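A.B. asks: Show me the folded form of this:
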Amino acid sequence: MDTESPLDHAAMSKEQLGWLTHELLGGGGSTAPPFTVTFGHRPLYCSNHGGQDIPAGNKVLRGLIEDLLNDARVNLAIQAHVHDYERTWPVRNGTTVQKNYTAPT
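C.D. replies: Prediction:
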């Protein structure tokens, strides 16, 4: 996913969102993949608020793609930008939905 703008802020174009929706919700193949991974440079969530465009950019991206990633049942979203390692319990709309990784909702 291209989660950058030419001005070095979190963003996604309408074209990118259309492509991502098509790929994740049924355009790509005849059967659903057993495991779906996405990668984007800027994170939807992070606890380090010292980086540029954080937390404002996180909120922008959550508004644009969080529901899509959940609706498409993405198993793993890898993101970067902040130079720290973090991982979370399964999260949806800012709320931890469970405290294990077994069949998260």
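
A.B. asks: Val60 - how many residues pack around it?
C.D. replies: 19 (other Cβ atoms under 10 Å). Glycine gets a C-beta too; all of them are placed from N, C-alpha and C.

A.B. asks: And Val82, by the same measure?
C.D. replies: Quick note: Val82 (other Cβ under 10 Å) scores 18 neighbours.

A.B. asks: right, and it touches Ile54 too?
C.D. replies: Yes. Here Val82 reaches Ile54: they are 6.7 Å apart, a contact under Cβ atoms under 8 Å.

A.B. asks: Quick check: neighbours shared by these two?
C.D. replies: 43, 46, 48 (Cβ atoms under 8 Å, 6 or more residues apart in numbering).

A.B. asks: List only those of those flagged as buried.
C.D. replies: With neighbours counted by 16 or more other Cβ atoms under 10 Å, the shared contacts of Val82 and Ile54 contain buried members at 43, 46.

A.B. asks: Which of the shared contacts of Val82 and Ile54 sits closest to Asn70?
C.D. replies: Nearest to Asn70 among these: Pro43, at 15.7 Å, using Cβ to Cβ.

A.B. asks: Quick check: phi and psi at the residue lying closest to the closest one once chain neighbours are set aside.
C.D. replies: Nearest residue to Pro43, sequence neighbours excluded (Cβ to Cβ, 6 or more residues apart in numbering): Gln79, at 3.9 Å. The phi and psi values for Gln79, taken as degrees, to the nearest 10, are phi -140, psi 160.

A.B. asks: Next, work out how far apart Gln79 and Arg92 are.
C.D. replies: Counting by Cβ to Cβ, to the nearest Å, the separation of Gln79 from Arg92 is 16 Å.

A.B. asks: The two: which is more packed in?
C.D. replies: Counted by other Cβ under 10 Å, Gln79 and Arg92 do not tie: Gln79 has more neighbours, with 19 against 14.

A.B. asks: Assess the claim that that one and Leu44 are in contact.
C.D. replies: Yes. Contact status for Gln79 versus Leu44: in contact at 6.7 Å, counting by Cβ under 8 Å.
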